[in-house]
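J.: compute the structure for the input listed below.
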Amino acid sequence: MKTALITGANKSIGFETARQLLDAGYFVYIGSRDVARGEEAAAQLGSENTAVVPLDVTDAGSIHAARQLIGRTTDKLDVLINNAGIRGDFPQLPTSAPVSTIRSVFETNFFGAIEVTQTFMDLLRKAPHPRIVNVTSGLASLTLHSDPSWMYYPIKGAAYGPSKTALNAWTLALAYELRDTAFKVNVVDPGYTATDFNEHRGTGTVEDAAAIIVRFATLDADGPTGKYYSNDRDGEESPW
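T.: Residues are numbered from 1 along each chain as shown. The predicted structure is shown next:
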């Protein structure tokens, strides 16, 4: 049975992604900073093919403990989905946003994803067809941010968008490093989805958001790598 680790999987898009991967026949590790909420999520999923993994992506000790825990139950990891993310306090005006806010957002959205990926690389390398999906945002696109006709053009900030732009850039570098292997590494924007993240103001559903993540988590050998795809563009490539 193939295995997948999803960070921030106890609610919203992460939770629905877990459900869809379970339906696809995967064993899913539910990464959750709050263990009680992780247990609640696993109970709601109602599958014996889940395990809750305490995981705070901003805590190196927590990440390495999660690696040891998962390593005791499997010798490989087929899929890593770096889904955990925070928005940070708003407004995020570049001239006045506290550096502490920017740093906090980057710790979760950027450095957290890097450290989780590096820590689990040994298990990923043991899978025959490993997949890494880094969950990004349309607000990561510098090309779109420079286009006044883009529907989200006015939504700019010093922390959230830049943290995802940095994640995109790092993902490109990672995909290039792994270009001659069986890895497929992509960034996926689930679109403006109605979740707690945005007080449910989004226009998309968690089902559709999870579906595009699962699509890239389950790519076949001919699938793309080092690409940026978005639900806001009907699941097609997004400009960097």
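
J.: what about the strands in the chain?
T.: 3-6, 27-32, 50-54, 79-82, 131-135, 184-189, 228-230, 236-237 (DSSP state E).

J.: give me the contacts around the third one.
T.: What that stands for is strand 50-54. Contacts with strand 50-54, where a contact means C-beta atoms under 8 Å, 6 or more residues apart in numbering, come from 5, 18, 22, 27-33, 35, 38-39, 41-42, 62, 65-66, 69-70, 73. Just so you know, the C-beta spots here come from the backbone N, C-alpha and C atoms, and that holds for glycine as well.

J.: which of those are buried? Put it as a PyMOL command.
T.: Command for PyMOL that selects the buried part of the contacts of strand 50-54, burial taken from 16 or more other C-beta atoms under 10 Å:
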select buried, resi 5+18+22+27+28+29+30+31+32+33+38+41+42+62+66+70
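
J.: can you tell me which residue is spatially central in this protein?
T.: Closest to where the C-alpha atoms of the chain average out (C-alpha atoms, centre = their mean) is residue 83, at 2.5 Å.

J.: list the contacts for residue 166?
T.: Residue 166 sits in contact with 106, 110, where contact means C-beta under 8 Å, 6+ apart.

J.: if I look at it, how far off is residue 226?
T.: 16 Å (C-beta to C-beta, to the nearest Å).

J.: ok, now residue 129?
T.: Distance, residue 129 to residue 226, by C-beta to C-beta: 16 Å.

J.: one more: residue 59?
T.: Using C-beta to C-beta, residue 59 is found at 29 Å from residue 226.

J.: all helices of the protein, in order?
T.: 12-23, 35-45, 60-71, 99-106, 112-125, 142-145, 160-177, 206-217 (DSSP state H).

J.: got those as CSV, with mean pLDDT and distance to residue 92 columns?
T.: Listed next are these as CSV, based on pLDDT from 0 to 100; distance: least, C-beta to C-beta, whole Å:
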stretch, mean pLDDT, distance to residue 92
helix 12-23, 97, 21
helix 35-45, 98, 27
helix 60-71, 98, 26
helix 99-106, 98, 7
helix 112-125, 98, 19
helix 142-145, 98, 14
helix 160-177, 98, 7
helix 206-217, 97, 23
